[in-house]
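Engineer: pasted the sequence and its predicted model underneath.
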Amino acid sequence: PEEFKGSDPNACSQWLTEKLEHTRKALALELGLSPRLGKTILAAAETAAWARLSRGERDNLRSALLEQGLDPLWVMLPRTVLDQTIQDLAKTTAKAIEDRAENKRRKAAGLKPMKAAGFPRFQKFSFANSIRFQVVATKNKDVREAWSRKELVIPGLGRLKTREGGYAWPNTPPKLVTVARSANGTWHASFVCGPGQVRSARQRRLDRLGVTWEPLPLCPSTGLPAIEGLDMSLTEKAVSNVHGNLGRTRYLKRCAQALRFRSKALSRAQKGSRRYQRVQLALGRLHVRVANHRQHENRTAAQRVADRSAIVCVETLKLAFLQKNRRLAQSTADLGWGQFLKELEQAMAARGHLLLYAGQFDPTTQTCPGCGTLNRALKNNLSTRAWQCQACGADHGRDH
């Protein structure tokens, strides 16, 4: 700031530390009061406003809330927090009522009822980890000026400096900003951008070079676009028919002892105490570290596959059924197949390459990649990890 120019660096550092601590406390207060706000609104909705809301009059929650009386702590919250909580609860309640009305019509017509959305439920005080703010940039000059300087304006906090996550800063300020707190205590803001505004680091590099497209990767032996097939594997994440195993690291197993130690320490601490909060934060940091390692491995593997192949074919997996198997659930969750496939879809789409999915019931594991002979003995026999084709005599792994 201007008042600290040419002064002692220690004083400036202390001022910055105090400002950061004030920001953390303010965000923590708003996150802590948000469930209490929702609980009071739900209590008001159980009155006469509930009947009016069932008829589609969503804005009556505000009048019912004012009739019941305001909590003195709400004076410390921006008005946008109240507005967003009312809108979210009204939308959830209206969806639950509409689903139940639709099920009545289905039952009368002899159709199978669908799974109805649930009504809002009471949440404990420490439940909320995110909060949304309305930002009207068209009517607020301060918001537009801060956005041009890559700063975010949060109601009740003022301007906050941001750091990009590998994407270019959009030109238009968002209308809604979600501020979330992760398990390790870090804060991040997310918002929706308009079409064509988000530019990744790779797209910006191509823009600087003046290139709108890149040549397709070619097969060195045929000179045609490179084609690759991936068979998912629990031991190696995926096995390529051209480049072999992708490899995997069991990050959850690596941190299992530390997670067990922190979990036992958390269970011994008194709930709500300072020690409980410190141990809870340490446990959250371990979980976030495992998740970050897994995401980095899946992203780098997906980008490596997308860079070397123009066409990639993967098998179709039903991950929900794999999670129901008690012998495979933990291993598949630690592997992150769904995250890897999502990263692969994004990487292939960004490069203009083609991603194909094999049929769900295609016998890809039982088919010889050399001659195409089908080996029925491999069906429902997971103990056979390697086999030899009877037609061509080639040796294969089960996932090759």
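Structural biologist: Here it is on my side, so go on.
Engineer: quick test: name the residue nearest the centre of the chain.
Structural biologist: residue 339 (9.6 Å; Cα atoms, centre = their mean).
Engineer: which helices and strands sit right next to the helix or strand hosting that residue?
Structural biologist: Element membership for residue 339, per DSSP states H and E: helix 337-351. If contacts are counted by 3 or more Cβ pairs under 8 Å, 6 or more residues apart in numbering; DSSP states H and E, helix 337-351 sits against strand 237-240, helix 274-308, strand 311-314, strand 354-357. All C-beta atoms are positioned from the backbone trio N, CA, C, and that covers glycine.
Engineer: using PDB, list the CA coordinates for that helix.
Structural biologist: C-alpha atoms of helix 337-351 as PDB (Å, rounded to 0.1, in the frame of the first residue of the first chain):
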ATOM      1  CA  TRP A 337      -9.900 -44.800 -13.400                       C
ATOM      2  CA  GLY A 338     -12.700 -42.300 -13.800                       C
ATOM      3  CA  GLN A 339     -10.400 -39.400 -13.300                       C
ATOM      4  CA  PHE A 340      -7.900 -40.800 -15.800                       C
ATOM      5  CA  LEU A 341     -10.600 -41.200 -18.400                       C
ATOM      6  CA  LYS A 342     -11.900 -37.700 -17.800                       C
ATOM      7  CA  GLU A 343      -8.400 -36.300 -18.200                       C
ATOM      8  CA  LEU A 344      -7.900 -38.400 -21.300                       C
ATOM      9  CA  GLU A 345     -11.100 -37.000 -22.800                       C
ATOM     10  CA  GLN A 346     -10.100 -33.400 -22.200                       C
ATOM     11  CA  ALA A 347      -6.500 -34.000 -23.500                       C
ATOM     12  CA  MET A 348      -7.800 -35.600 -26.700                       C
ATOM     13  CA  ALA A 349     -10.400 -33.000 -27.300                       C
ATOM     14  CA  ALA A 350      -7.900 -30.100 -26.700                       C
ATOM     15  CA  ARG A 351      -5.600 -31.600 -29.400                       C
END
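Engineer: tell me the buried residues in it?
Structural biologist: Under the neighbour-count criterion of 16 or more other Cβ atoms under 10 Å, helix 337-351 has 337, 339, 340, 341, 343, 344, 345, 346, 347, 348, 351 buried.
Engineer: and the residues you listed, which is closest to residue 81?
Structural biologist: Of all these, residue 339 has the smallest distance to residue 81: 32.0 Å, by Cβ to Cβ.
Engineer: picking up where we left off before, tell me who's in contact with the residue nearest to the centre of the chain.
Structural biologist: By Cβ atoms under 8 Å, 6 or more residues apart in numbering, the contact set of residue 339 is 294, 295, 298.
Engineer: wait, the first one sits on residue 253?
Structural biologist: No - counting by Cβ atoms under 8 Å, no contact exists between residue 294 and residue 253, whose distance comes to 11.7 Å.
Engineer: can I get the buried residues of helix 337-351 in JSON lines with distance to residue 281?
Structural biologist: Formatted as JSON lines, those follow (distance: Cβ to Cβ, whole Å):
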{"residue": "337", "distance to residue 281": "30"}
{"residue": "339", "distance to residue 281": "25"}
{"residue": "340", "distance to residue 281": "29"}
{"residue": "341", "distance to residue 281": "32"}
{"residue": "343", "distance to residue 281": "28"}
{"residue": "344", "distance to residue 281": "33"}
{"residue": "345", "distance to residue 281": "34"}
{"residue": "346", "distance to residue 281": "31"}
{"residue": "347", "distance to residue 281": "34"}
{"residue": "348", "distance to residue 281": "38"}
{"residue": "351", "distance to residue 281": "39"}
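Engineer: would you list those residues in a markdown table and tack on pLDDT and distance to residue 390?
Structural biologist: Shown next, in a markdown table, are these (pLDDT from 0 to 100; distance: Cβ to Cβ, whole Å):
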| residue | pLDDT | distance to residue 390 |
| --- | --- | --- |
| 337 | 86 | 31 |
| 339 | 89 | 38 |
| 340 | 90 | 33 |
| 341 | 90 | 33 |
| 343 | 90 | 38 |
| 344 | 91 | 34 |
| 345 | 90 | 37 |
| 346 | 87 | 41 |
| 347 | 88 | 38 |
| 348 | 88 | 36 |
| 351 | 83 | 40 |
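Engineer: out of the residues you listed, which is nearest to residue 386?
Structural biologist: When these are compared for distance to residue 386 (Cβ to Cβ), residue 337 wins out at 22.5 Å.
Engineer: could you chop this protein up by domain?
Structural biologist: Following automatic domain parsing, one finds the domains of the chain at 1-105, 129-212, 213-362.
Engineer: number of nearby residues for residue 367?
Structural biologist: 16 (other Cβ atoms under 10 Å).
Engineer: how about the strands in the chain?
Structural biologist: 130-134, 151-154, 158-161, 176-181, 187-190, 227-233, 237-240, 244-245, 311-314, 354-357, 386-388, 395-397 (DSSP state E).
Engineer: and the ones you listed as JSON lines, adding mean neighbour count and mean pLDDT?
Structural biologist: Listed next are those as JSON lines, based on neighbours: other Cβ atoms under 10 Å; pLDDT from 0 to 100:
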{"stretch": "strand 130-134", "mean neighbour count": "20", "mean pLDDT": "78"}
{"stretch": "strand 151-154", "mean neighbour count": "19", "mean pLDDT": "82"}
{"stretch": "strand 158-161", "mean neighbour count": "14", "mean pLDDT": "80"}
{"stretch": "strand 176-181", "mean neighbour count": "17", "mean pLDDT": "81"}
{"stretch": "strand 187-190", "mean neighbour count": "14", "mean pLDDT": "81"}
{"stretch": "strand 227-233", "mean neighbour count": "20", "mean pLDDT": "83"}
{"stretch": "strand 237-240", "mean neighbour count": "20", "mean pLDDT": "82"}
{"stretch": "strand 244-245", "mean neighbour count": "13", "mean pLDDT": "78"}
{"stretch": "strand 311-314", "mean neighbour count": "20", "mean pLDDT": "89"}
{"stretch": "strand 354-357", "mean neighbour count": "15", "mean pLDDT": "88"}
{"stretch": "strand 386-388", "mean neighbour count": "13", "mean pLDDT": "74"}
{"stretch": "strand 395-397", "mean neighbour count": "14", "mean pLDDT": "72"}
